[in-house]
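S.K.: for reference, the sequence and a predicted model appear below.
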Amino acid sequence: MLIIGIAGGTGCGKTTVVNQIISELPVDEVCVISQDSYYNDTSHLPYEERVKINFDHPQSIDFELLISHLKKLKKGETIQQPVYSFIDHNRTGETLPTKPRKVVIVEGILILTNPAIRKMFDIKIYVHADSDERLIRRLKRDIAERGRDINEVLDRYQTTLKPMHQQFIDPTKEFADIIIPNNNYNTVAVDIVRTIVKDRLN
Ligand SMILES: Nc1ncnc2c1ncn2[C@@H]1O[C@H](COP(=O)(O)OP(=O)(O)O)[C@@H](O)[C@H]1O
Ligand SMILES: O=c1ccn([C@@H]2O[C@H](COP(=O)(O)O)[C@@H](O)[C@H]2O)c(=O)[nH]1
């Protein structure tokens with residue numbers, strides 16, 4: 001099994017890059033694990049409290065569950081990946097059965113901050129886009145897809161996203177084997193990663 005970790009700040013294009021990598025691969029050869037599915041279960045908190053959580057701090061992630069799921073996949077077991085709602089800021093209670101595949105891609109802003117999970121990755125990738133580009137993309141996406149308004153996104157950017165990016169996420173670039181510049185769509189870099197993956201599948 002080849003486990004690839006793909007990190008990078010919010011809006012850098014991780015999900016887009018993952019979709020480009022897997023688009024030409026056989027569906028039964030690859031599976032994707034999103035760090036977002038592993039935000040801590042905060043069902044015991046009311047919405048008014050959940051919305052105040054700092055979702056850009058490593059402590060917001062249930063790394064224990066994520067690591068145990070990766071270990072199970074390595075052993076050939078199917079896992080139940082939690083489904084997360086950005087609207088409710090919580091797990092939905094549903095799960096997505098995820099079968100072990102030859103290639104497992106784990107993507108998320110904080111996945112390279114955790115030393116134990118870093119050790120499990122065969123290839124570590126960091127997707128880079130400038131902060132103004134990321135903010136613009138995040139604004140557009142969160143308003144269109146995640147039920148936010150402009151003030152909410154900008155407030156969160158100033159109070160948490162930017163400081164957490166500088167403190168925790170950007171420094172993980174140094175752990176990356178490959179850094180993909182993604183201010184523009186980077187088909188060359190995606191092709192290179194695809195070639196590595198295809199080579200592994202043969
Ligand atoms: N290279 C790019 N150029 C322009 N827009 C992009 C690029 N990569 C991603 N996007 C767009 O930016 C938004 C955020 O991308 P996404 O892949 O969800 O980022 P992430 O998963 O890192 O938060 C999406 O609307 C996506 O279509
Ligand atoms: O309940 C939540 C949980 C997370 N977020 C934000 O999501 C991004 C991470 O997702 P990307 O797809 O990598 O952008 C993170 O910056 C959190 O602030 C949220 O808004 N609500």
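M.R.: Yep, it's here. Ligands and ions are numbered 1, 2, ... in the order given.

S.K.: am I right that V83 falls within a helix?
M.R.: No - counting by DSSP: H, G, I helix; E, B strand; the rest coil, V83 falls outside a helix, being strand.

S.K.: gap between it and T92?
M.R.: Between V83 and T92 the distance is 5 Å, computed by Cβ to Cβ, to the nearest Å. To be clear about C-beta, it is placed using only N, CA and C from the backbone, and glycine gets the same treatment.

S.K.: in terms of neighbours, single out the busier of these two.
M.R.: V83 (14 against 11; other Cβ atoms under 10 Å).

S.K.: contacts for stretch 116-133?
M.R.: Residues from elsewhere that reach stretch 116-133 (Cβ atoms under 8 Å, 6 or more residues apart in numbering): 2-9, 11-14, 17, 63, 66-67, 70, 74, 106, 111-112, 137, 162, 165, 172-173, 175-183, 193, 196.

S.K.: from T195, how far off is the most centrally placed residue in the chain?
M.R.: In the chain, the residue lying closest to the centroid (Cα atoms, centre = their mean) is G108, at 1.7 Å. Distance of G108 to T195, given as Cβ to Cβ: 24 Å.

S.K.: got it, and K102?
M.R.: K102 is 15 Å from T195, by Cβ to Cβ.

S.K.: so the lowest-mean-pLDDT helix or strand in the chain, near ligand 1 or not?
M.R.: Across the helices and strands of the chain, mean pLDDT, DSSP states H and E gives its lowest value to helix 187-201, namely a mean of 91. No - if you take Cβ under 6 Å from any ligand atom as the test, helix 187-201 misses ligand 1, and the best it gets is 9.9 Å.

S.K.: can you map out the helices along this protein?
M.R.: 14-22, 47-50, 63-74, 115-120, 131-145, 150-156, 162-164, 187-201 (DSSP state H).

S.K.: which ones are touching E107?
M.R.: G5, I6, A7, K14, T15, V18, V32, I33, S34, Q35.

S.K.: what residues does this structure put near ligand 1?
M.R.: So the chain meets ligand 1 at 8, 10-16, 137, 141, 182, 184-185 (Cβ under 6 Å from any ligand atom).

S.K.: possible to save these as a markdown table with neighbour count, distance to F121 and pLDDT?
M.R.: Listed next are these as a markdown table, based on neighbours: other Cβ atoms under 10 Å; distance: Cβ to Cβ, whole Å; pLDDT from 0 to 100:
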| residue | neighbour count | distance to F121 | pLDDT |
| --- | --- | --- | --- |
| G8 | 29 | 14 | 98 |
| T10 | 23 | 20 | 97 |
| G11 | 24 | 22 | 97 |
| C12 | 28 | 18 | 98 |
| G13 | 24 | 19 | 97 |
| K14 | 26 | 14 | 98 |
| T15 | 17 | 18 | 97 |
| T16 | 15 | 20 | 96 |
| R137 | 16 | 25 | 97 |
| R141 | 16 | 26 | 95 |
| N182 | 23 | 19 | 98 |
| N184 | 9 | 26 | 96 |
| Y185 | 12 | 24 | 95 |
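
S.K.: re earlier: list the buried residues in the least confident helix or strand of the chain.
M.R.: Going by neighbour count (16 or more other Cβ atoms under 10 Å), the buried part of helix 187-201 is A189, V190, V193, R194, I196, V197.
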